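S.K.: One predicted model, sequence on top.
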Amino acid sequence: MPSKTLLNTALREKQTTLLAFATVDAFISAHSVTPLNTLQVDAFITKLTQIEDRIDDIYGRILENCDAVDAATHETELQDFLGKVLLATSTLNGTKNSLNPTPSPPPGGGRSSVQGVRLPKLDLPKFSGDLQDWIAFSRRPSSLQTSRRPRNFSNSTHYLSPTL
């Protein structure tokens, strides 16, 4: 049963976490002129991962405790925010790659290789693209889901790009 107290707590935590992200994003943007070093980039990637995990948890609690009318709005906010985190992470990974270019990995021979890591082939469900189907699609259980998502942007993209 939805709880207004839990919802209000989660909404306050959301605001704090969004502010933390805005601070990190502003700092990254400010350093587009003054280059970051590898340690700074790694620290920002770690912070973005922590923010992403926290916001996933918070929105999970929000969606469990809000009414159906508000759920679509919160789901849209979540997707928008995760897109911003993905963009910031992508920017940082690009910066990191320019600081420490890695050689191209050898061909995978039936398995995919990204940045020298051999990734197993996964068959992921495909989304139809119909916005009305999104909530059901995003909430469907998957044996592939774990408590930890792939943290390397390139590896994540490797798995997700064929499903789009």
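M.R.: Right, received. Where do you want to start?
S.K.: got the phi/psi numbers for residue 6?
M.R.: phi -60, psi -40 (degrees, to the nearest 10).
S.K.: Excluding sequence neighbours, find me the nearest residue to it.
M.R.: The shortest distance from residue 6 to any non-neighbouring residue, by C-beta to C-beta, 6 or more residues apart in numbering, is to residue 65 (4.8 Å). C-beta here means a position set from N, CA and C on the backbone, and glycine is covered the same way.
S.K.: Surely the one you found touches residue 9?
M.R.: No. Assessed by C-beta atoms under 8 Å, residue 65 is found out of contact with residue 9, at 9.1 Å.
S.K.: Show me which of these two is the more surrounded one.
M.R.: residue 65 (20 against 15; other C-beta atoms under 10 Å).
S.K.: before we move on, back to that, which ones are touching the residue nearest to residue 6?
M.R.: By C-beta atoms under 8 Å, 6 or more residues apart in numbering, the residues touching residue 65 are 2-4, 6-7, 10.
S.K.: Apply 7 Å and report the result again.
M.R.: 2-3, 6-7, 10 (C-beta atoms under 7 Å, 6 or more residues apart in numbering).
S.K.: in this protein, which spans are strands?
M.R.: 112-114, 117-119 (DSSP state E).
S.K.: Counting neighbours, what do you get for residue 132?
M.R.: With other C-beta under 10 Å as criterion, residue 132 counts 8.
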